[in-house]
Structure formats: C-alpha cells, structure tokens
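**Student:** Whatever this is, show me its structure:
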Amino acid sequence: MAAAEAVLPVAVFGCRPRVAGGVCFLEEQVVLHAAGAGCLRLHLEHKWHNFIPGGTGPRPGCRPGARPALTSLLSAGTEKSRGVQALAVSPDRRFLAVSEAVSQQPVLAVYELSAERARRRRALVAAELPARQAVSLAFSPDSRYLAAATALPEALLTCWLWEKRQLAASLRLQDPGSGPCQVSFSPQDSTQVCITGNGFFKLFKFEGTLKQMNLQKGEPENYLCHAWLSKEKVICGTDTGKLSLFETGELHWETSLEYRTPPRELEEDPAKKEYESSFDVSCGVASEDNGTQRDSLPQISALAAYSKGFACSPSPGVVLLFEKTKENEDYEESQEIWLPQDLFRIEPKDSDRQDITCICFSPSEETMVISTNKNQLYTFTMVSNKLIKEKTSYFAYLNFPLHSDSITGLDMCIWKPILATCSLDSTLELCKEYPEEAYSVSLHPTGLFCLVGFSDKLRFISLLYEDMHVFKEFAVRKCRECSFSNGGHLFAAVNGNEIQIYSSVTFDNISNLKGHSGKIHAIKWSADDAKFVSCDTHGAVYQWNLLTGQRESECVLKTCIYSSISLSSDAKIIFAVGSDQTLKEISESLIQHEVPAYGAVYTAVAVSHSGHMVYVGTSLGTIRAMKYPLTLARDFKEYQAHAGAVTKMSVTSDDQFLLTASEDGCIFIWKVYDKEGGVLKGKEVQCSEEVLIMRSDIEEKSQAILDLQICVKDLQTESDYELHLKDMYCTGKIKALEENFTQEIDSLKAKHQILQAEKEKQELQHQHQLSELMNKQAREVQQIESESSQKLSVENEKYQELEVKSQRMQEAYERQLQNLEESKSMALKELREQYEEKLREKSVLLEEAKENMRKQLQAYEEMEKQIYEDGDQEISEIKTKYEKQLLEEKESNTQLRGEIGVMNKRLNSLQKELKDRNRDIEEMRLEQQKLQGIIKALEKDILALKTEIKERSDTILDKEKHIYDLKMKNQELQNFKFVLSYKIEDFKKQIESRENDIKTMKGQIHEMEEELERFHRESTELKLNITQLQQKLKASYHEMHRERQKKQDMETLIKRFKTDLHNCVGFIPDSRKMKAGIRELYSKYVQESDMVEAEEVDTDLQKQYMKQQEYHERSLAVLKKKMMKDQEMHQAAYMRIVQENVSLIKEINDLQQELKVANTQLQDLRASLKLKKKKKAIQDTAPSSELLSSPAVLRLNPEMESEKIIEIQQLEIQYLRDQIQEKGQVLNCPSSVSFSQKSS
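**Tutor:** Model (predicted):
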C-alpha cells in the first residue's frame, strides 16, 4: 500500500458558540457557520460538508515542496488559530471577513469566496491601533468598506477600505459600558453605520471621518442586538425585552415583550425521523442552562430582518416573527416558533431551553437557520400566514444534535458504518440518554453492542433498531477507558489502577492486570488479541500477555505523564505521547526514537493499519501526519482543525479515513489520500445489515399490525356500503337525465328540419344571383385581357434588350476568370519549386544534427565514467579520515573520564586542597564541554557528507534523465522527417485532384447558370399568372360588394314602395286622390332610380380610369430608378474585384518574403543550437524541445504554410465565383420584377 500524502476533512460535526454572525447563507441551500478552528460550508439539501480550516499554508513541519490541498479548502484562519470570534459575509456573497484569535494576538482578514477555492485577499493591520479582539464585523452594501467593533478597554469603532489595507476612520466610543455588541451598515447607504452596546445606540455618518448623527435621549439601555429594516429604520433589542424602532436616530415605535413559556402540549418533534436512523444522534443527560434555574425576565438575544418584517428571540427556545401592519406602519406578532423537544432525553422539556444567539434568512427568505448557546443548529421553512392555521410552529434540527462540551470517548465499528462518541456535556451520541455522566465508550466489532463507562457503573448495552437496552451492568466506577477486543469475544475496562478483562459471552472476569501505580489513561489491543498495551500518569508503558496475565515488557519514564498510546499491526512497536512534548517509538522495552513537538504538546496518537503513517493530535487542535519510519527532522504535514486539544483519534480498518475528536466538541472525519492525490485502496469491507430488536417490540408491532388489519377490514365494509348507496343514487339520476335528453333531442330534430327547408330556399335564390354576376364578370375579364396583351408585347421587347446586355457582361466576367486561373497556376508552380529546394536543405541539416548528437553522446558517456570514479575515491578518503578522528576523540574521552574519577577520590581524602582542586575541576569541565562541542561538530559534518552523497546521486539521476530525453528527441526528429516526406506526396496528389475538381466545377457552374435562366423564366410566368388571378379576385370582390349594396337598396325601396301603396289603397273610394298618389309613386320610384344608376356607372368608370393611369405612371418611375441603381451596382462590383485581385498579388509577394526570412532564421537557430550543445555538454543542458516548440520555428513549417496559401487562394476563387453568380442574378431579377409590375 502506498504511503499517505495528505488528509483532508470530508465531514465535520460540531458548531462553535458565541460567534458574532456565526451563521449565514452563502447561497440558497449553502450555510456557513463557525466550527472548530475555522468555518464549515454545509449544503442543506445534498448534506455535503466543505471545511474551511484555520491555516494559511504549510506548517513549520511541512516540507517546502509539499503537495497542495486536493479539495476546495479555503484558509479562513491562520497558524495556531484558537477559533473564529466574528464572521461577516458581504451583501454580494463574494467576500468573507473573519476575526479570530491566534496565540494572544487577534487577526482580521478578508477572503474571496468561490465555488472551488477561496483565497486570502487582505490581512488588516494598523500600527496605531491596539491589538484587541473584534467582537463584530459588517460589510458596506457595495462591499468596499468593512466596519469592526473591538472589545474593551479601548472599545474602538474602525472602518477599513479593506482592498487597499487602509484604515479609513477610527473612533473611540465614550462610556461604552460593558463594550459594544454589534455594528452594521445601512443596507442601502454605505455612509451610515450603526453600533449598539451596553448603554448606547449610535448612528454615524462616514465621510472620510465618523460623525455621530443622533443624540441619545432618555435612560440608557443595554442594547444586545439590532437590525436595519430600511434605509433609515433600525430596530434594537434590549436585555429587558424591549423592542425599539428608531427612524433617523429618533424613537418611532416601542414595545415590551413578555417572557414566553413553551406550550403545554408540544407536538412530536418532526426532526426525530431525520436523525433517528442516522449513526450520529444526540442522547445524554440534559445539561442545565446557567445553573439549575433561569430568570423569568425577557431578553432579546437575537434579531434579523426580512422583507415582511423581522424575527427576534425574547426568551430561550423561541423566535417570534413580526410583520408590518398596513394601517399604522407598526409591527405586530404573526407567528411563534419553538425549538423542538429532544425525545431521546430523560427530560425532553429541557432541550428547548436554549438561548438563541444568531438568526439568518436565505436569499429567497424561504428558510431560516438559527444557532444556540449549546452548539446546536436548527432550521425552519418559512410559510405564508394564510396557509398556517396555528400560530405556533417548531424548528427542526439542521442535521442532528451536536456536542456542547469536551468529547471524552470515540470509537467506531468494523462491520457497520457506525461512530460513537461521549462528552462531558453528559451525552452519548448513539440515540439514548442516561442520568449519569459518560466517560468512555467502545463499540463491538459487529455493531450490535456498546460498552459505556459511566460515573457509577460500566454498562453493556444492546443497540436495538430504535432504542438502546442495558443488558449487563458491572461494578466499575468512573471507568475512564474501556475497549472491545478486535475479535469481540473480550473487553477491557479500567478500574482505578487495575485493568479488568471480561468475556463478552459469559461476562466472567477472566483476569486482572495489576502493576500500574498511576491513573491509566489509554489501553490498546493487538491485532490478534494476544497482547495488550496500557499507559498511565506515572510514565509507565506496559505490554501484557493475556494468556499468562503477566507483563511481557515495560518502559518507565517518571517525568512524563502519558495521555495516549497506539500499537503497530504486528504488536512490536508502541507509539506513546505525553506531557514531555515528544512522540516516542518504543520497542523491546526501550525508547528507540523521540520526535519533538516543536512548541506544542502531543495529546493523542493513532497508527495506520498498514504501518506507513502515524497521526498525532496536539494541544493546539492541529493534526500532524508523519511517515514511518520516524525521523528527527521536521518531516510532517500539519492541518489546523480543532479549536481545542485533540482528545481522541482513530483510523478505520481500511486506512481510508481518520477520525478525530476535541475539547471544542467537534468531530472531524478526514479522507486519506496518496501521493498522486488518489484515494488509498485498502481491503474492501462489506458492511452487515443485521439489526437487534426486542421480542416485546416485535410483539407490540405484530399486535399493532393485527389491529390495523382489523381497522382496514372495517373500513372496507363501510366503504363498500357507501359505494352501493352512491350507485343507487347515481342510477336514479341517470334515468331522469336520459328522459330529459330524449325529449330535448326530439325537439331539436323538428327544428333542424324547419331550418333545412329554409336553407334550400335561400340556396336557390343565391344561385340565380350568382349566375347573373358570373356573366357580368366574363365580359369585364375579356376587356382586361385585351388590354394586358398589348402591355405584355411592350414588356417582352424591353426584356429581350436586357438579356442581350447580360450576355455581354457574362462574357466579360468569364475572360477575367480565365486570366485569374492562369496567374494562379503560375504561382503554384513557383511555390512548388521553392518548397522542394527547402526540403532538400532541411534533409541535409538533419543528417548533420544526427552526427553531432552521436559525438556528444560519446563525450558525455566518457565524462560520466570519470565523475563516478572521482566521486567514489573522494568518498572513501573522507570516510577514512573521519573514522580516524572519531577513534582518537573516543580514546581522549575515556582518558579524561578516568582522570575525573581519580580527582574525585583525592577530593575526599584531601580536604585542605579543596579550593585548588575545585579550580582544576572547573577547568576540566570546560575542556569536556569543548570536546563535546567538537563531537557535535563532527556529527554535523557526517550529516553534511551524507547530504552531499544524496545530492550527487540526484545529479547522476538527472543526467541519466537528460540522456534519455536526448534519445527521445532524436526519435522525434526521425519521425518528423518521415511525416514531411509523406505530406509532400499528399500535397502532390491533392494538387492534381483539385485541378480536376476545378474543371468539374466549371462545368457545374455552366449548368447552374442555364438552370437559373430557366427558373427565372418560369418565375416570371408564374408571377404574371398570380397577378392576373389576383386582379380577377379583386374585381369579383368589388362586384359582389356592389351587388350586395344594390340588393340592400332595392329592399329598402321595396319597403318604402309597399308603405306608399298601402297609403294609396286607402284612397280607393276617392279616384282623384288615388290618381295623385299613383303619380307621386311613379315620379318617386321610376324616374329617380334610373337617373341614380346612370350617374353611379359614369362615376365608377372615371375613377377606375384615373387609378389605372396613376398606377402605370408610378410603375414607370420605379423601373427607371431600379435601372440606374443596377448600373451603379455593376460598376462598384467591377472595381471591387479589381482591387481584391491587386491585394491578393501583394499578399503572395509578402508571403514569399516571409519564407525567405524564415529560412535565414532557421539556419541561425540551427547554428546557435550546435554552439550551445558543444559548450554545455558537461553541465545540465536545456532541452532542445523548447527551441523546436518556439513560436518562430512553428511558424516556419513549410507544409503548414503551403496548405494555408492554397486554402486562401481557393477561398478567393470561390468568393469571385459567388460574386459573378450574384451579379447574374441581379441582372435577371430587375427585369422580372419590372415585368411583373407592368403586367399588374
């Protein structure tokens, strides 16, 4: 298995509390929150984790050429970071500002966020400012400025132009009370800054300097938080439950909130199902908040604004939503959202009594996320009040419950993907709570059992499907360490200074391992469960034989307090860490190696099962990955992860994951990668799917299933009866509807017959009228056809004249094409001759280069032999010299030690000469120190010689690589020569084929021109037919309209005539009146109507004549204009073709000149290559591939240039042909258009 090169976090479980702006949205489904020593990006839907570690590059122990991170990590911290204190994300969500503590100095940095990686843009430092922690950060709306409020005693408000690292303005706050709490910019104005704290609410105008805008009135309040509702409105919350709305710095609206108590009947937590089946579910003793009781006073701990209003938390465990009223522009409470009850706790009601520290909304305001002082994260989907009937709602866990205190135990299972942890917050992360504190935890390899050390007893617990059942209890109090064997048949528990071994099957105490004098801190089983290793606080590391129950080996170092221990897979090497800041490698009861910690304390250690890697956790929260065998040099990689000391570490059985836990309550899962960035390939572990379940649970579920089946049967009978009743009701309705529809159908049939009779009568009338109209239309059509035939004859004469002109133009263009083709063939012949000569020259140059390469290789081989011989001689001479010096120094050391012993004996016998002898002793000590210094210097020289040997071996390897590169280049040149010859033959074939193509294309062009003429003729004939038919349709439409009008007029006349007749009938007895009435009728309806018709006919004829005359005059004017435009277009096209021919000739000349220059440059480059190779034959030469791949040489490739020239000429020929075709179409189209217009 290859050694691991890097470990990268793939999952983080934990949240850092009391961080200003500690939760914020980066995208609609991506949340950023503080975790460990950095931050964590979490996707709400896909649940992927992206950790932002607290480190800005290689650690002191990292190698200088180390491989960068393999995933999208961004450094949101610096070296030895102690955790993030404040966060701020810019409004455009492109930048992240971080305030963190590094050692004892604060750091304020801005980072640029991106999808893959984020880079550190600026670190903000000002010499005139004191080093104080920033408690709150805020970006301006345009993301140019960053405001920061620092802690007491200075209590400064600073405004940074962060892109230039410039402090724009700073102001010391007067009477800050207990310090500032929050700072923010107006969401629409980059010049307005608001800051609140204990006893002050201040608005500042930023114009180069910070000027206060408001004057605080009334009694000072302790403002804990605030939020901007608009450009001028700010709402603030106090520690007494008051909400104050300020507009332009003056109090506009105020209300006091009451302390809220949770509702009596809490619904079941909807998030239970989400984390019940996962492997990380919270359980434990419910911790009390701030002691045993809480004050019943309201306190606004968090505020956040959204489009409809704002959200605030007046009491622990509740968030209130306020929306704006339409009438008074005030705000009223719309919804109450409570934290869910953790049903896995002993007292579920205590789980919702947590202070909410931060509230944030997603960009679309569809989800809300909050964080609490117990390191928990909750989410809530925002729904309109119209859809919610109840006023109270409940949050859901963002993932599952998290630890809020130091983690004391961590273990994982081999057969199942299960992880178990326990913490000082009295929780055990495996879905159940116990009233006692849990100090240690261990999982059985099968994943079906768990061993937990509580403060009163050691419990053997069965992991059921939905519960945990205590199967056996052991009288072991405060068991700090417990562990199952790798086979699972045994388990060990620490009872004071004694280790007790129990059977997992019979639960008998098999043996007791006694011998430790201090508290046992760590125990470890060997791979075959035959050996056992333990360490204690008195510096003792013991290895036990479980078959005999006796100690096999021991290593005692009383000055060290061991904290963690690990064992290699073959159980021959023990790795231990403790308070002496070293990692010890122990074998055969002796300390073989000690690796220093370099300013930190090692707190935990783990070894991979392959034995190639050792992982160490430090008191600073960093993880170090070291290769085995260990070296004294600082050859390790360090990763910033936790904000507290690492307490537990473990490696999975396939070496693909590393698990770490810390005092900050966070759990990290690291992915292990090899040198090439790939995942390590270990043994494939098949996870089992077996689950334990109690018999009582099975009986309850089976009984519940039976009850449900009975209920289903009852419901089926009820539904069948209801369906039968509905069927009866529906059949009756159907019958009634059928009777109604039959009656309606009969009535409709009678109506239909009547309408058909009326329709037949009307059809006969219309046919008679149509026959009359058709006769009239035929007469008019004959007249129009006679007129149009005369016009067509005139237009045909004009068309014949235009055709003669177009034939002349085509002959001229064909002559020009022939001339261009002749010039092109001449240019191609010249280019062929030039490139053939160049190919001959290049073949000669290639042969010369090969001969030079052979000579250089022979010289290089001779130089290699000489260098090897000289190096071996020098190494042998240096070894002999330094060995002699070492022997002499050792002999002198032994003599000096003998003299010191004699002097000590004389001092006891001769008390009178004590003063003189003391002086002599001091002189001897000085001499001894000098000799020790000489010995150390000699050891350094030995190390230097070893490094020189390594360097020389590296140089030899480099030269061998260079020889191999030269050979590869020679092969590439040969391949290049073969490719050139092959391409020359291809070009010859292509030229012949293209000439044939040109001939075929000419024939096709002639055929296409004939087809175009035929199509033009057909199009003109079709256009004439279309225009004639259109005119006929128009005339028929006009006649139809006239006939309809006449019909209407006749109907009106008939009605009038009937009325007048009716009046005349009344004068039948009086003959005179009868006569007068008949005369009036004759004069009114006979003579006037005839005159009207005659006048209408004359006016219509005159109008038609005038319209036709105007139309013909317009068509003549349009045709004249088009003829003028066509002549101008022909002249411009001819001039453009001439200019393009001239430019083509110029380009051909320029290309010939460039080819000549390129040949000269090639020769110069070849000569320079020869000189460089001769001069640098002994030294490391630069690869010749760089010269070959230079832009000048690539540009002078003859084959590529010839292809480009041929392609350019072909494109020009096609362009000229297209222009000729367009001109021909232009000549033909105007005639056809004018012809169609005149015909119309």
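
**Student:** Quick one: name whatever helix or strand follows the top helix by length along the chain.
**Tutor:** When the chain is parsed with DSSP state H, its longest helix is helix 695-909. Following helix 695-909 in sequence order, the next helix or strand is helix 914-1065 (DSSP states H and E).

**Student:** Can you get me the centre-to-centre distance for that next one and its chain?
**Tutor:** Computed by CA atoms, centre = their mean, to the nearest Å, the chain-centroid distance of helix 914-1065 equals 26 Å.

**Student:** still on that earlier bit, could I get the average pLDDT for the longest helix of the chain?
**Tutor:** Across helix 695-909, pLDDT averages out at 82.

**Student:** Go ahead and confirm P180 touches F201.
**Tutor:** No - using CB atoms under 8 Å, P180 makes no contact with F201, being 10.8 Å away. Any C-beta I mention is one placed from the backbone N, CA and C, and that applies to glycine too.

**Student:** Among these two, which residue is more densely surrounded?
**Tutor:** Neighbours around P180 and F201, counted as other CB atoms under 10 Å, are more numerous at P180. The numbers are 26 against 21.

**Student:** Pull the contacting residues for the more buried one.
**Tutor:** Listed by CB atoms under 8 Å, 6 or more residues apart in numbering, the contact set of P180 reads V135, S136, A149, T150, A151, A155, L157, L173, I195, T196, G197.

**Student:** try K457
**Tutor:** K457 is in contact with E436, E473, F474, A475, V476, R477, counting by CB under 8 Å, 6+ apart.

**Student:** Distance-wise, check it relative to R477.
**Tutor:** Distance, K457 to R477, using CB to CB, to the nearest Å: 7 Å.

**Student:** picking that back up, please narrow the contacts of P180 to those residing in strands.
**Tutor:** Per DSSP state E, strands hold the following members of the contacts of P180: V135, S136, A149, T150, L157, I195, T196, G197.

**Student:** Are any of the residues you listed buried, and if so which?
**Tutor:** Using 16 or more other CB atoms under 10 Å as the burial test, those include V135, S136, A149, T150, L157, I195, T196, G197 as buried.

**Student:** Give me the subset of the contacts of K457 lying in helices.
**Tutor:** Judged by DSSP H, the subset of those located in helices is empty.

**Student:** Would you tell me which one of these comes nearest to S662?
**Tutor:** E436 (23.1 Å; CB to CB).

**Student:** ok, so what distance separates the closest one from S442?
**Tutor:** 17 Å.

**Student:** which one of these two has more residues nearby?
**Tutor:** The neighbour count for E436 versus S442, taken as other CB under 10 Å, is higher for S442 (23 against 16).

**Student:** Which helix or which strand is home to that one?
**Tutor:** Counting by DSSP H and E, S442 is found in strand 438-443.

**Student:** Direction included, what does that strand pair against?
**Tutor:** strand 449-454 (antiparallel) (DSSP bridges).

**Student:** Just the strands from the stretch 451-600 of the chain, written as ranges.
**Tutor:** Taking DSSP state E, counting those that start in this stretch, the strands of the stretch 451-600 of the chain run over residues 458-463, 468-474, 482-484, 490-495, 498-503, 509-513, 520-525, 531-536, 540-545, 550-556, 562-567, 574-578, 582-587, 590-596.

**Student:** Can you lay out those strands as a markdown table showing distance to Q769?
**Tutor:** Below are these laid out as a markdown table (distance: least, CB to CB, whole Å):
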| stretch | distance to Q769 |
| --- | --- |
| strand 458-463 | 99 |
| strand 468-474 | 100 |
| strand 482-484 | 109 |
| strand 490-495 | 113 |
| strand 498-503 | 117 |
| strand 509-513 | 122 |
| strand 520-525 | 114 |
| strand 531-536 | 119 |
| strand 540-545 | 123 |
| strand 550-556 | 127 |
| strand 562-567 | 112 |
| strand 574-578 | 115 |
| strand 582-587 | 116 |
| strand 590-596 | 116 |
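
**Student:** Just send those strands back as TSV, with mean neighbour count too.
**Tutor:** Below are the strands of the stretch 451-600 of the chain laid out as TSV (neighbours: other CB atoms under 10 Å):
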stretch	mean neighbour count
strand 458-463	21
strand 468-474	16
strand 482-484	25
strand 490-495	23
strand 498-503	19
strand 509-513	15
strand 520-525	22
strand 531-536	24
strand 540-545	21
strand 550-556	15
strand 562-567	23
strand 574-578	27
strand 582-587	20
strand 590-596	15
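
**Student:** Turn those strands into TSV, including mean pLDDT and distance to G1066.
**Tutor:** Below are those laid out as TSV (pLDDT from 0 to 100; distance: least, CB to CB, whole Å):
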stretch	mean pLDDT	distance to G1066
strand 458-463	91	118
strand 468-474	89	117
strand 482-484	94	129
strand 490-495	94	132
strand 498-503	93	136
strand 509-513	91	141
strand 520-525	93	135
strand 531-536	93	140
strand 540-545	93	144
strand 550-556	90	148
strand 562-567	93	133
strand 574-578	94	136
strand 582-587	92	137
strand 590-596	90	138
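
**Student:** shaky segments in the stretch 251-400 of the chain?
**Tutor:** 264-296, 328, 343-352, 384-390 (pLDDT under 70).

**Student:** Would you agree E250 is in contact with M213?
**Tutor:** No - using CB under 8 Å, E250 is not in contact with M213; the gap is 10.5 Å.

**Student:** So between these two, which is more surrounded?
**Tutor:** M213 (15 against 10).

**Student:** Hmm, V234 and that one touching each other?
**Tutor:** No - M213 is beyond contact range of V234, at 11.3 Å (criterion: CB under 8 Å).

**Student:** between these two, what contacts are shared?
**Tutor:** Shared contacts of M213 and V234, defined by CB under 8 Å, 6+ apart, are found at L203.

**Student:** any idea how far S184 lies from A134?
**Tutor:** 14 Å.

**Student:** what does F95 give?
**Tutor:** Counting by CB to CB, the gap from F95 to A134 is 16 Å.

**Student:** who's more crowded, the two?
**Tutor:** Using other CB under 10 Å as the criterion, F95 and A134 rank with A134 on top: 27 against 21.

**Student:** residues contacting the closest residue to the more buried one other than its chain neighbours?
**Tutor:** The spatially closest residue to A134, leaving aside those adjacent along the chain, is S99, at 3.8 Å (CB to CB, 6 or more residues apart in numbering). S99 makes contact with 20, 84-87, 106-108, 133-135, 137, 148, according to CB under 8 Å, 6+ apart.

**Student:** do G549 as well
**Tutor:** G549 sits next to S511, N512, L513 when contact means CB under 8 Å, 6+ apart.

**Student:** Kindly indicate which of those residues lies nearest T660.
**Tutor:** Distances from T660 to those, taken by CB to CB, are shortest for L513, at 28.2 Å.

**Student:** Surely that closest one is in contact with K531?
**Tutor:** No - the criterion here is CB under 8 Å, and L513 misses it with K531 at 11.5 Å.

**Student:** For those two, list the residues in contact with both.
**Tutor:** Contact criterion CB under 8 Å, 6+ apart; residues shared by L513 and K531: W544.

**Student:** helices and strands around the longest helix of the chain, which ones?
**Tutor:** helix 914-1065, helix 1088-1175, helix 1198-1239 (3 or more CB pairs under 8 Å, 6 or more residues apart in numbering; DSSP states H and E).

**Student:** Ranking those helices by mean neighbour count, which comes first?
**Tutor:** For the helices and strands packed on helix 695-909, average neighbour numbers computed from mean count of other CB atoms under 10 Å are highest in helix 1198-1239, which has a mean of 16.

**Student:** What mean pLDDT does that helix get?
**Tutor:** Helix 1198-1239 comes out with an average pLDDT of 60.

**Student:** In a markdown table, list the helices and strands packed on helix 695-909 along with distance to E365.
**Tutor:** Formatted as a markdown table, the helices and strands packed on helix 695-909 follow (distance: least, CB to CB, whole Å):
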| stretch | distance to E365 |
| --- | --- |
| helix 914-1065 | 61 |
| helix 1088-1175 | 63 |
| helix 1198-1239 | 58 |
